[in-house]
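S.K.: Prediction below, plus the sequence it came from.
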Amino acid sequence: MSCSSCGSERILSVNAKCSDLCFVAIDGHEKNDYVPDDLGIGGGDYVEFELCLNCGKVQGEFPLPESELEQEEEKEEE
């Protein structure tokens with residue numbers, strides 16, 4: 001696999017099991033629960049992503065649609 005940005009072959013694959021102990025935050029709104037499956041970092045009990053060690057780009061299809069965490073933020077503002 002090569003980086004979608006710079007073409008480097010230095011791709012780090014990360015796969016970590018964290019059960020329901022994942023903390024994420026977006027713009028000051030936080031969630032401490034299972035890994036959200038709509039942020040491009042895995043889902044459920046697993047954090048999974050690939051990172052280019054040459055340019056630092058997380059590999060995958062981006063931009064992502066608005067996440068549930070961001071939508072919850074909008075609901076709180078209403």
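M.R.: That came through, no problem.

S.K.: and residue 69, that one's in a helix?
M.R.: Yes: under DSSP: H, G, I helix; E, B strand; the rest coil, residue 69 sits within a helix.

S.K.: Identify the residues contacting it.
M.R.: Going by CB atoms under 8 Å, 6 or more residues apart in numbering, residue 69 touches 24, 26, 29, 31, 36, 39. For every residue, glycine as well, the C-beta is placed using N, CA and C.

S.K.: Between its first and last residues, what's the separation in stretch 49-63?
M.R.: Stretch 49-63 has its terminal residues 15 Å apart, counting by CA to CA, to the nearest Å.

S.K.: buried ones in that stretch?
M.R.: 49, 50, 51, 52, 57, 59 (16 or more other CB atoms under 10 Å).

S.K.: List the neighbours of it that are in contact with it.
M.R.: 1, 3-6, 8, 10-14, 40-42.

S.K.: what about it, average pLDDT?
M.R.: Stretch 49-63 shows a mean pLDDT of 97 in the predicted model.
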